[in-house]
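A.B. asks: this is a predicted model, with the sequence first.
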Amino acid sequence: MNLFIRSFLFFIYSTISIVLYSLVCVASWVLPLRFRHALIRVFIRAYLHVLKTTCGISYEVEGLENIPKDRAAVVLSKHQSTWETFFLPLVFHDPAVIIKRELLWIPFFGWGLATSDPISINRKSKSSAMKQIFKKGKACLDKGRYVVIFPEGTRVPPGQAGHYRLGGPRLARETGYPIIPVAHNAGRCWPRRKFTKIPGTVRVVIGRPIESTGRTPEELLELTKSWIEETMRRIDKA
């Protein structure tokens, strides 16, 4: 019951803050993208602070030194929860997150998401989606923005590995930018499709860049998947 009450309080905060935040984001649309992302990071820090205060969920990050400071990269992250969608923009500044376009149609939340200038795709048309990923992804990478992709496509329960897709590795291979793999266990504290949050510490591990030059998309996918899943087993044993 105590966990439910804590989760309910966070739900109230989350609903109110997202509505207010989205209105502020819409008002800031005239500002340059970097200022909009700075505003988003302020919201995310407050959001995660309230999550820690109400639900007892904190986080630890390993491997920040592996994030390149002189070039962009394709970030391929494990996908277990809603949590990582809030966290990743804190460490990968001004990211272009690849999302299904339907998310932009959600009132308030979608409006705020749109101001971050994501790469929205129509997943029903695979050929069209890949063209959008290549065209918009390359443009963002060339501007110095990280492109964030969840290669499993959907949230996968802890202890399981989803079907890793080739979109991210293909983008990295076509553009010549490296892949940065990310593993985490957020699903232990913020389970998918569950209302109640579980107190604990989310462990995030950022891997070393995987160079794409001279490698096929299939090789890049296997290297990325192997690193993420091996790191997940290490995290789960800790």
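C.D. replies: Yep, it's here. Numbering: from 1, shown residues only.
A.B. asks: could you use CA atoms for every contact and neighbour count after this?
C.D. replies: OK.
A.B. asks: counting neighbours, which bits of stretch 166-186 end up buried?
C.D. replies: For stretch 166-186, the neighbour count (16 or more other CA atoms under 10 Å) marks 166-173, 175-186 as buried.
A.B. asks: restricted to helices, list these.
C.D. replies: Using DSSP state H, 167-173, 175 are the members of these that sit in helices.
A.B. asks: in the chain, where is pLDDT below threshold?
C.D. replies: 1, 123-127 (pLDDT under 70).
A.B. asks: would you tell me which helix is longest in it?
C.D. replies: Counting by DSSP H, the longest helix found in the chain is helix 2-27.
A.B. asks: may I see the ones in helices among the buried residues of stretch 166-186 arranged in JSON lines, with distance to R155 as well?
C.D. replies: Shown next, in JSON lines, are those (distance: CA to CA, whole Å):
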{"residue": "G167", "distance to R155": "17"}
{"residue": "G168", "distance to R155": "17"}
{"residue": "P169", "distance to R155": "19"}
{"residue": "R170", "distance to R155": "21"}
{"residue": "L171", "distance to R155": "21"}
{"residue": "A172", "distance to R155": "22"}
{"residue": "R173", "distance to R155": "25"}
{"residue": "T175", "distance to R155": "27"}
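A.B. asks: and the helices in the protein, which stretches?
C.D. replies: 2-27, 33-55, 83-91, 109-114, 126-142, 167-175, 217-237.
A.B. asks: show me the contact partners of the fourth one.
C.D. replies: Translated: helix 109-114. 18-19, 21-23, 25-26, 103-105 (CA atoms under 8 Å, 6 or more residues apart in numbering).
A.B. asks: now find how far off-centre the longest helix of the chain is within its chain.
C.D. replies: Centroid separation for helix 2-27 versus its chain: 19 Å, with CA atoms, centre = their mean, to the nearest Å.
A.B. asks: that helix: which residues count as buried?
C.D. replies: 3, 6-8, 10-11, 18-19, 21-22, 25-26.
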